[in-house]
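Trainee: Fold the following and give me the result.
(2 chains)
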Amino acid sequence: MISNCLLCGVGGQGTVLASKLIAAAAMEKGLEVKTAETIGMSQRGGCVASHVRVGKDIHSPQIPLGEADVLIAFEPAEAVRCLPYLKKGGAAIVSSRAIVPVSSTIGGIQYSAEQMTEYLKSRVERLVLVDTDEAAARLGTSKAVNVALLGAAIRSGGIPQISEEDMEKAVGKLIKPQFLELNMRALKLIEEK
Amino acid sequence: MSDKHYDDNMSKKFLMGNEAIAMGALDAGVNIVCGYPGTPSTEITECCAKQAAGGKTDAYVEWSVNEKAALELAAGASYSGARTMVTMKQVGLNVASDPLMSLAYVGVKGGMIVVSADDPGPISSQTEQDTRTFAEFSKLPVFDPSSPQEAYSMVADAFELSEKYGTPVLFRPTTRVCHSCADVQTAEAPVKNDVSGFEKDTMRWVIFPKTSYLNHLKIEKRNRELSDIFSESKYNTVEGSRKSGKGIAAGGISYEYVKEALGGRDDVCLFKVSTPFPFPEKKALEFLSGLDEVAVYEELDPMIEKALVYVCGKYGLNVRIKGKLSGDTPNAGENSAEGAKMLVARLMGEDIPEEKNVGDVPQLPIRPPVLCAGCPHRASFYAVKKAVKGRKSIFCGDIGCYTLGNAKPLDMCDTCLCMGADVTIAQGMTLTNPDTLCFSFIGDSTFFASGLTGVVNAVYNGHDIILAVLDNSTTAMTGHQPNPSTGISATGEPATAISIEKVLEAIGVSKIVTADPLKLGEATEAVKSLIDEKGVRAVIFRSPCAAKIKPQGSCAVNSEKCVGCLRCINEIGCPAIIKSGGKAAVDTSLCFGCGLCRQICPVGAIGAVKADEKE
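Mentor: Got it, this is the predicted structure:
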């Protein structure tokens, strides 16, 4: 079986760490993994996506359109942008906090998070909208919000080969000891409604 | 190539394609690794440097001043029997092309791999040039890996080939191989390669017209032989059945896309070309026999397509070859798994997969890359902009983060061509645009890589330019590599820091001032002091890259004082300042506390929050 997980956001939001955690959890279980990252100029505030593919006989490191089992979006407009990747019936875990690009602010272009989340609601059955400001307040920092979204994605069943325990092990392995407790809490923070 | 066959004597690691190339070289006993950073190649030398710094290899690793220097250094070491690897991006190969073209004639003793990473798209480059075409031009063999695992294994074979035939070998991964990660089987222990030392042999190591004529004959003969060798290579394969009379030829990542699209079906004959030059002609003949129609799926130049058309002509084969030249596949940009699906469907006369109707998608924000919040380059550009207000000016830019100074509202980059060109283009501008201030903006790494020669030209020929060196003490765009100004080596050892001021002084630049760009008044005055001078004068804007130091806290807008003029947004375009209810507000999760906006606010509405008051 193949599981495809697409993580997207704006450069600097930590998609790479989240994808590394999934890959580490899969490797630990002896599964084959392929990932593809956005590195380079787009990292400076541009759109970024990390593709994670788990399973046998995978060829393309990027997920083909319409084949992602789960979409983890750190920004609502980026969720809309990457929605064509999500397969029918796939789950989307989306932060509702908008990051307004400076070009929109200067150009006076309207951009509202609500418009994006309304669109997502109309298109995605299994949508988990995460109030990231609230999540950050509960965690006491915005730094582990990416791991909170990752936890929700694992519970959505989008990557059935990886359990919550597998992910806890991966967090234990990859995260520095001083941030471990915080990230473990983050992993369990969000409930699917 | 047996991707899925795991040898018991190997261990499994999760590696990025670039790390796989690095580990492949270290495990093959490479003695010297050098290069110049450039996306998508950077992590290769970076990974080797980390291994060396951690004492995990005896290989010598350095970031050279530019690609030409790296290649020449490696040539000297290879003459002495060392295994060497030089890394760069495809446009870096242009810089290294002078020594490479000659080295192709002279040859090497120790194995030498020149990695030139191509960037179809392009995603982070000036051009969509193809290193495979460069291989043909320089008459050098080239390897084109399709996955991290294949890249790992190929490196060892490339070293062996290089030594057997005494020639440098090109190695050409593309972005999607460089930056994809996969579980890779690696060797348990590295091979050890002892360096024999240089043996004097002027007929061999000194290039002369007469020896070059003889070497040219040898090279052509060797490449015919290599075509046969490559026809037997495990990396060039023919799979699937010929029953349908249809075939697909592909190389590199495009091969993986085709495999993904075929999804296990075997009614199409698939030819994988991993050594596009010298082209494996005999293998191509085996592939073409019994086929009526072949679709070629490759990125950048129609290299495989041309070779197949040639083979068909040479042997009188009646096979239609479809690709870029015939207008069947796109001439520019990246390939994809979706593109491969379309290709297979068209070739087999099947229904084209429908474009998904996504309906009324709301308008999405465009996110062009921007200078980070707290980036000192923003302040430098703004200081120059203020200083020259009312004067006719041209701003010549260069390659690096500061190319992003072109974005509005700064709009401070009128030209950008290639590494170092800002300095010399400004000289052409000053000759042809009277009464215009011609500025040249260059970063610290680019200055040493290829800006110096331009400064010498300007001083020698008496050109009237203002050089602005944006010194953030790192090579930022590619992920913070050290450079000659930083006082640190690739492996983290102390190195001699070369003073930009002293270098400019020695060249004879008439006036040199240094300023902290984040002190707006001081920086603006520094630029003003140069404007009415003549000749080559320089301002060095020195402030560390925001991504390299801890935030100094953040700024905060007092919404009661803010009059909503939005000068802070419209003048400097910092991504941390947003509009909220007609007034400015600071996104504290992004703000770096650089304070540039505080110095611009006309009503003093922006204050500072110290780092320890921030969450």
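Trainee: Give me the next element, helix or strand, following the helix or strand containing B:Ala70.
Mentor: In the assignment (DSSP states H and E), B:Ala70 maps to helix B:67-79. Sequence-wise, the next helix or strand downstream of helix B:67-79 (DSSP H and E) is strand B:84-89.
Trainee: Following element in sequence after that following strand, please.
Mentor: Reading on from strand B:84-89 to the C-terminus, the next helix or strand found by DSSP H and E is helix B:90-95.
Trainee: Just the buried residues of whichever helix or strand comes after that next one, please?
Mentor: Heading C-terminal from helix B:90-95, the first helix or strand you meet, by DSSP H and E, is helix B:97-106. Residues of helix B:97-106 classed as buried: B:Ser97, B:Pro99, B:Leu100, B:Leu103, B:Ala104, B:Tyr105, B:Val106 (neighbour count, 16 or more other Cβ atoms under 10 Å in any protein chain shown). Bear in mind the C-beta positions are built from the backbone N, C-alpha and C, glycine included.
Trainee: which of these lies closest to A:Asp131?
Mentor: B:Ser97 (54.6 Å; Cβ to Cβ).
Trainee: mind listing what the closest one touches?
Mentor: B:Ser97 makes contact with B:Phe134, B:Ser138, according to Cβ atoms under 8 Å, 6 or more residues apart in numbering or on different chains.
Trainee: the helices in chain A, which residues?
Mentor: Along chain A, counting by DSSP state H, helices occupy A:15-28, A:76-82, A:102-107, A:113-123, A:132-139, A:145-155, A:164-174, A:177-188.
Trainee: Now do the shortest one, average pLDDT.
Mentor: Just to be clear, that refers to helix A:102-107. Mean pLDDT, helix A:102-107: 79.
Trainee: residues of that helix that come out buried?
Mentor: A:Val102, A:Ser103, A:Ser104, A:Thr105, A:Ile106.
Trainee: again, but for the first one
Mentor: Within helix A:15-28, the residues that qualify as buried by neighbour count (16+ other Cβ under 10 Å) are A:15-27.
Trainee: coming back round to it: could you pick out which of the buried residues of helix A:102-107 are near chain B?
Mentor: A:Val102, A:Ser103, A:Ser104, A:Thr105, A:Ile106 (Cβ under 8 Å from any Cβ of the partner chain).
Trainee: from the residues you listed, which is closest to A:Ser122?
Mentor: A:Ser104 (22.9 Å).
Trainee: tell me the contacts of that closest one?
Mentor: A:Gln110, A:Tyr111, B:Pro365, B:Ile366.
Trainee: And A:Lys49, how far from B:Gly333?
Mentor: Not Lys; residue A:49 is Ala. Separation of A:Ala49 from B:Gly333 (Cβ to Cβ, to the nearest Å): 17 Å.
Trainee: who has more neighbours, these two?
Mentor: Comparing A:Ala49 with B:Gly333 by other Cβ atoms under 10 Å in any protein chain shown, the one with more neighbours is A:Ala49, at 22 against 13.
Trainee: for residue 61, what are its contacts?
Mentor: Let's take chain A. A:Lys34, A:Thr35, A:Ala36, A:His51, A:Arg53, B:Arg176, B:Ser180, B:Cys181, B:Ala182, B:Ile253, B:Glu256 are the contacts of A:Pro61 under Cβ under 8 Å, 6+ apart.
Trainee: that answer is for a different chain, and I need it for chain B
Mentor: For B:Val61, the contacting residues are B:Ile32, B:Val33, B:Cys34, B:Thr45, B:Cys48, B:Ala49, B:Gln51, B:Ala52, B:Ala490, B:Thr491, by Cβ under 8 Å, 6+ apart.
Trainee: Looks like the first one contacts B:Ala82 (just checking).
Mentor: In this case it means B:Ile32. Yes - counting by Cβ atoms under 8 Å, B:Ala82 is a contact partner of B:Ile32 at 5.4 Å.
Trainee: What degree of burial does the nearest residue to A:Val80 once chain neighbours are set aside show, as a neighbour count?
Mentor: In space, A:Val80 comes closest to A:Met116 once its chain neighbours are excluded; the distance is 5.2 Å by Cβ to Cβ, 6 or more residues apart in numbering or on different chains. Using other Cβ under 10 Å, A:Met116 has 25 neighbouring residues.
Trainee: how many neighbours does A:Ile39 have?
Mentor: Neighbour number of A:Ile39 under other Cβ under 10 Å is 23.
Trainee: Look up how far B:Asn94 lies from it.
Mentor: Separation of A:Ile39 from B:Asn94 (Cβ to Cβ): 22 Å.
Trainee: Show me what the one helix or strand B:Phe395 maps to is packed up against.
Mentor: Element membership of B:Phe395, judged by DSSP H and E, is strand B:393-396. Strand B:393-396 sits against helix B:421-432, strand B:437-443, with contacts defined as 3 or more Cβ pairs under 8 Å, 6 or more residues apart in numbering or on different chains; DSSP states H and E.
Trainee: winner for burial among these?
Mentor: strand B:437-443 (a mean of 28; mean count of other Cβ atoms under 10 Å in any protein chain shown).
Trainee: Neighbouring strands - and their directions - for it?
Mentor: When pairs are called by DSSP bridges, strand B:437-443 turns out to pair with strand B:393-396 (parallel), strand B:466-471 (parallel).
Trainee: ok, back up a step: ok, which of the helices of chain A comes nearest B:Ile465?
Mentor: helix A:102-107 (30.5 Å).
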